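All I have is the shape, not the residue letters:
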């Protein structure tokens, strides 16, 4: 009886497990993250059914960001040992691969991340089970953005080869982008002893880890200081006696973003202290170096000097204004590469250089950084219209004349100024108010005392005229 019960449980176990095993044989087989020669937006992903049965993909989905964001919902069937093409469509690309249309969509609107990063792709079935998870967030392991060779799975590693949508993949690598890779996107490291040492270089601490018995060493550079929204460049230094062929260089910027290659740039969004790690691999050899980046708090002021705009950097780090913008009245100016403002220094920009061809002070002027964040704002200044003031003065004079005529008709006699207090003894005295010296000028913005506006107050003539109007209207 006990044996029969155990057999029954074993049968139930096989019934529950085998469908999952068969579904797991559906794999992501080819990725055209670089698009095609016709358009970089013509991206596509190919699935391959390694089983001898058809699989219904209704309710399945391809996700990015490690499974958090749905790229596209799937439908239809994928036949036994068949291929299934998932195409990206945009207003400029209606059919990424002509003649093949299994399922298509916008890929979340933004498409697949190109260089220097990649995507963390996850394939889920109708029940939300993860069928395959491929982490390429640190960079695509194969494929060529120039030749448009796609990233293809050979059954043991990823290779770069000519596109094969809907057909069997190539088995040879046209380039040398892959080495000891598995379908999960992880790089399999060789089993070698390693050593770590720390030394001081140029006043900064540089940690370096390398394979035992090898001469592969890289340096990430010295510690850096920057500000949010200001791009900085990182360059790997490779010693001359190391092997430079087939060398993979990967950067981690410490804020969740990554880069690849010997020269890369990054823009930090928030203040803080970050550790940047450079990893190098060549065959069985590897080396790691790191540096610190201090991202300070920006203190930027902008003032209008008439013929120029002055940008002042009050912080302790230099600012690279590359891709920063000055916006005024719907027009703008974009700074070109390597426009540097040194710490506690300023630069002056001739307004003739600005694409807006002069600033309209009746509208606000905004300085935005590389990330589109507003760093400083100059409030609009309302200029005095002398012609309008003159018209208002004429109106007051006419109204005063009418008041005088009405006073004469009622028997009032207007005395000279020295006797005016006796004639209008019941009228309270009206004196011109003198504002406190602290209230004469008020800052137009809360970010800095750069532009000022005079406080608004009712003039003495206006006060007297309104009072007399109230007297004779009763």
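Right, received. Where do you want to start? Computed from a predicted model, the values in this text were never measured in an experiment.

Which secondary structure state is assigned to residue 400?
Recorded secondary structure, residue 400: helix (DSSP: H, G, I helix; E, B strand; the rest coil).

does residue 63 really touch residue 128, like I thought?
No: the criterion here is Cβ atoms under 8 Å, and residue 63 misses it with residue 128 at 10.1 Å. To be clear about C-beta, it is placed using only N, CA and C from the backbone, and glycine gets the same treatment.

Neighbour count for those two, which is higher?
Counting neighbours by other Cβ atoms under 10 Å for residue 63 and for residue 128 shows that residue 63 has the greater number, 20 against 10.

The more buried one pairs with what?
residue 70, residue 122 (DSSP bridges).

who's in contact with it?
Contact analysis of residue 63 by Cβ atoms under 8 Å, 6 or more residues apart in numbering lists 69, 70, 71, 121, 122, 123, 124.

And the contacts of the helix or strand residue 249 falls within?
Following DSSP states H and E, one finds residue 249 within strand 248-252. For strand 248-252, the external contacting residues (Cβ under 8 Å, 6+ apart) are 138-139, 179, 218, 220, 234, 236, 258-262, 264, 266, 276-282.

hmm, try it at 10 Å
For strand 248-252, contacts defined as Cβ atoms under 10 Å, 6 or more residues apart in numbering pick out 116, 138-139, 141, 177, 179, 187, 218, 220, 234, 236, 238, 257-264, 266, 274-282, 286-288, 290.

Give me the buried entries from the residues you listed.
116, 138-139, 141, 177, 179, 187, 218, 220, 234, 236, 238, 257-260, 262, 264, 266, 274, 276-282, 286-288, 290 (16 or more other Cβ atoms under 10 Å).

quick one: which of those sit in strands?
218, 234, 238, 258-260, 264, 266, 274, 276-282, 286-288, 290 (DSSP state E).

related to what we said a few turns ago, who does the strand holding residue 249 pair up with?
strand 258-260 (antiparallel), strand 272-282 (antiparallel).

now those as CSV including mean pLDDT and distance to residue 376?
Shown next, in CSV, are these (pLDDT from 0 to 100; distance: least, Cβ to Cβ, whole Å):
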stretch, mean pLDDT, distance to residue 376
strand 258-260, 89, 29
strand 272-282, 89, 22
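
what's the span of stretch 81-91, first residue to last?
33 Å (Cα to Cα, to the nearest Å).

Pull out the buried residues from it.
Buried residues in stretch 81-91 (16+ other Cβ under 10 Å): 82, 83, 84, 85, 86, 87, 88, 89.

Stretch 38-58 now?
Of the residues in stretch 38-58, 40-49, 51, 55, 57 count as buried by neighbour count, 16+ other Cβ under 10 Å.

Next, give me the two most distant ones among those.
40 and 51 (34.0 Å; Cβ to Cβ).

Just send the strands paired with strand 248-252 back as JSON lines, with distance to residue 339 too.
Output for those, formatted as JSON lines (distance: least, Cβ to Cβ, whole Å):
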{"stretch": "strand 258-260", "distance to residue 339": "22"}
{"stretch": "strand 272-282", "distance to residue 339": "24"}
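
what's the closest of those to residue 224?
Among the strands paired with strand 248-252, strand 272-282 sits nearest to residue 224 (Cβ to Cβ), with 8.0 Å.

my guess is residue 225 contacts residue 274, does it?
No: contact status for residue 225 versus residue 274: not in contact, 11.1 Å apart, counting by Cβ atoms under 10 Å.

Overlap of the contact sets of those two?
292, 293, 294, 295.

mind checking the end-to-end distance for stretch 43-59?
End-to-end for stretch 43-59, by Cα to Cα: 22 Å.

Averaged pLDDT, it. What do you get?
On average, the pLDDT along stretch 43-59 is 92.

Please apply the same query to stretch 297-315.
The model assigns stretch 297-315 a mean pLDDT of 84.

wait, what's in contact with the nearest residue to residue 50 once chain neighbours are set aside?
Sequence neighbours aside, residue 25 is the residue nearest to residue 50 in space, at 4.2 Å (criterion: Cβ to Cβ, 6 or more residues apart in numbering). Listed by Cβ under 10 Å, 6+ apart, the contact set of residue 25 reads 48, 49, 50, 51, 52, 53, 55, 131, 132.

if you set the cut-off to 8 Å instead, what comes out?
By Cβ under 8 Å, 6+ apart, the residues touching residue 25 are 49, 50, 51.

Same question for residue 108.
64, 69, 70, 71, 72.

where's it, which helix or strand?
Using DSSP H and E, no helix or strand contains residue 108.

From residue 70, how far out is it?
7 Å (Cβ to Cβ, to the nearest Å).

what about residue 60, how many neighbours?
25.

Now do the contacts for it.
Taking Cβ under 8 Å, 6+ apart, one finds 73, 74, 123, 124, 125, 126, 131 in contact with residue 60.

What sits closest to it if chain neighbours are left out?
residue 74 (4.1 Å).

what about that neighbour, neighbour count?
Neighbours around residue 74, by other Cβ under 10 Å: 22.

same check, this time on residue 229
A count of nearby residues for residue 229, using other Cβ under 10 Å, gives 24.

these two touch, right, it and residue 367?
No: counting by Cβ under 8 Å, residue 229 stays clear of residue 367, with 10.4 Å between them.

Which residues are in contact with each of those two?
What both residue 229 and residue 367 touch, as defined by Cβ under 8 Å, 6+ apart, is the set 324, 375.

buried set for stretch 120-139?
Using 16+ other Cβ under 10 Å as the test for burial, stretch 120-139 gives 120-125, 131-134, 136-139.

So for these, which is the shakiest by pLDDT?
residue 138 (79).

and that residue, how far is that from residue 76?
Plainly put, residue 138 is 33 Å away from residue 76 if you go by Cβ to Cβ.

One more: residue 322?
Residue 322 sits 47 Å away from residue 76, taking Cβ to Cβ as the criterion.

Which one of those two is surrounded by more residues?
A count of neighbours by other Cβ under 10 Å puts residue 322 above the other of residue 322 and residue 76, at 18 against 11.

Name the nearest residue to that one, sequence neighbours excluded.
Nearest to residue 322 is residue 337, by Cβ to Cβ, 6+ apart, at 4.8 Å.
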